[in-house]
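Q: build the 3D model from these lines:
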Amino acid sequence: MNPLTSRACHVVALVVAIALNAAVARAAEKVIATFNPAQGYSSRSGLTIDAEGNLYGIINGGGINNCGSVFELTPGQNGTWTESIIFSFKGCQFPAPIPGGTMVLDKEGNLYGSGQSGTGSSGAIFELKKSSSGAWSEGIIHTFTTSEGSPNGDLTWDDSGNLYGTTSLDSTGFNGEVFELTPQSNSSWKETILFTFPAPDGAGIPCAGVTFDGSGNLYGPTYFGIGGESTYGAIYELSPQSSGPWKFTLIHNFTASDGGSPYSRLVFDSNGNLYGTGLYTDNNPLFGEVFELIPGSDGTWTEKTIHTFASGRDGANPVGAPVIDASGNLYGATTSGGIGCNASLCGVVYKLSPQSGGTWKETIVHPFESAGDGSQPGAGLLLDSSGNLYGTTSHGGSRYGYGTVYEITP
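A: Next up is the predicted model:
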């Protein structure tokens, strides 16, 4: 049986902290925004940044309509930031979905995201447009029927302005899909289903968005691996064909020996290697791992676990895709663990640095040890062009405890 008893993709494992010698290099971390009851609570979504350096994110619950909201952070002088709630969701159901995942920006500065909604729908893709007066308005560009499953959060653009994403549904004969949304001349969007799960070998339930390589192929993780249920997950490639559905290739099937349960979007480095995070490892099933997939000249891929979170002390339950700096270092966050923390508190920001001989060194960039600087990062990190890291916490904050937005400077 799969060691994760929940069949949802976003599984939060319990951890028990034990001693481990982990390198800790405290970077300059500061809270640049805290959430309050009027704004909402528990941001579990990543951030996106526009050309002017403004940050955008989602507060997943609460707010004036108790259905979540979208915020903007505008940088000012002397490292200050001004926070604004630019849109509040209402209804908590179709056509105003409960938001999730990380939003993406188009070339005009409009925001796009996904959400799950209520009766008559499993979710929708929304668009937020900014008017000349500065007000933001919401539109629904696509609605998923209950038979299509729920969208998995993160979306991906191609160079032509088309959006890509995935849905999940655990049912007999259908586990979700990979879709493309293409803008039309009448301002509508056309959906094309690129692939329907389960795959012929049983791999199914895509549980994160997709990532493009330089040749136009898509990559993503599934919760089920070869054989379907009671497996450890897999990584797939979808290649465009001249007509019809895209070609599915399983590039790695996780087993008990190499960990598994991937659930975050993947990221490429400059050499074409893929990286991702998983919640399960055979030796330490409660803490998680970061893995690398290395392409071979014959089209095969070799999986390598580059870091196992061996105890609560160096973090547990990695969230979101890692980000990569110009030197090839990986950065990420864990939703729990850390020095002196338990299963439901704290979390860390970690750095993985490549070493000679193919090994990697972990450094704790910032441990969340107090309520003041936040607790439980709920998503991956944003790395800006100056090397600053940004993220959100779902709890903590010096005044209300509804979560924070933090900045870590090199």
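
Q: where do the strands sit along the stretch 301-410 of the chain?
A: 301-308, 316-324, 330-336, 348-354, 360-367, 375-377, 382-383, 389-395, 404-409 (DSSP state E, counting those that start in this stretch).

Q: what about residue 30, distance to residue 365?
A: Distance, residue 30 to residue 365, by C-beta to C-beta, to the nearest Å: 13 Å. C-betas here are computed from N, CA, C, even on glycine.

Q: who has more neighbours, the two?
A: Each of residue 30 and residue 365 has its neighbours counted (other C-beta atoms under 10 Å); residue 365 has more, 21 against 12.

Q: the more buried one is in contact with residue 409, isn't it?
A: No. If you go by C-beta atoms under 8 Å, residue 365 and residue 409 don't touch, sitting 10.6 Å apart.

Q: quick revisit: so which of the strands of the stretch 301-410 of the chain gets nearest residue 167?
A: Closest approach to residue 167 among the strands of the stretch 301-410 of the chain (C-beta to C-beta): strand 316-324, 18.7 Å.

Q: for this structure, what helix or strand is lowest in average pLDDT?
A: Among the helices and strands of the chain, strand 23-24 carries the lowest confidence by mean pLDDT, DSSP states H and E, at a mean of 62.

Q: C-terminal to it, what's the next element?
A: Once the chain leaves strand 23-24, the next helix or strand it forms, by DSSP states H and E, is strand 28-34.

Q: tell me which residue is most central in this structure.
A: Central residue of the chain (C-alpha atoms, centre = their mean): residue 320, 3.7 Å from the mean position.

Q: neighbours around the closest residue to residue 333 other than its chain neighbours, how many?
A: The shortest distance from residue 333 to any non-neighbouring residue, by C-beta to C-beta, 6 or more residues apart in numbering, is to residue 377 (3.9 Å). Using other C-beta under 10 Å, residue 377 is surrounded by 35 other residues.

Q: so what's residue 377 bridging to?
A: Per DSSP bridges, the residues bridged to residue 377 are residue 393.

Q: how close does it get to residue 188?
A: Relative to residue 188, and taking C-beta to C-beta, residue 377 is found at 37 Å.

Q: next: residue 39.
A: According to C-beta to C-beta, residue 39 and residue 188 sit 33 Å apart.

Q: okay, these two: which has more neighbours?
A: More crowded of residue 39 and residue 188, by other C-beta under 10 Å: residue 39, with 22 against 11.

Q: grab the nearest non-local neighbour of that one.
A: Nearest residue to residue 39 in three dimensions, chain neighbours excluded: residue 85, at 5.6 Å (C-beta to C-beta, 6+ apart).

Q: which strands border the host helix or strand of that neighbour, and is each parallel or antiparallel?
A: Secondary structure from DSSP H and E places residue 85 in strand 81-88. Partners of strand 81-88 in the sheet, by DSSP bridges, are strand 69-75 (antiparallel).

Q: ok, residue 354 - contacts?
A: Residue 354 sits next to 328-329, 360 when contact means C-beta atoms under 8 Å, 6 or more residues apart in numbering.

Q: in a markdown table, list the residues you listed along with neighbour count and distance to residue 269.
A: Listed next are the contacts of residue 354 as a markdown table, based on neighbours: other C-beta atoms under 10 Å; distance: C-beta to C-beta, whole Å:
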| residue | neighbour count | distance to residue 269 |
| --- | --- | --- |
| 328 | 13 | 6 |
| 329 | 17 | 10 |
| 360 | 17 | 13 |
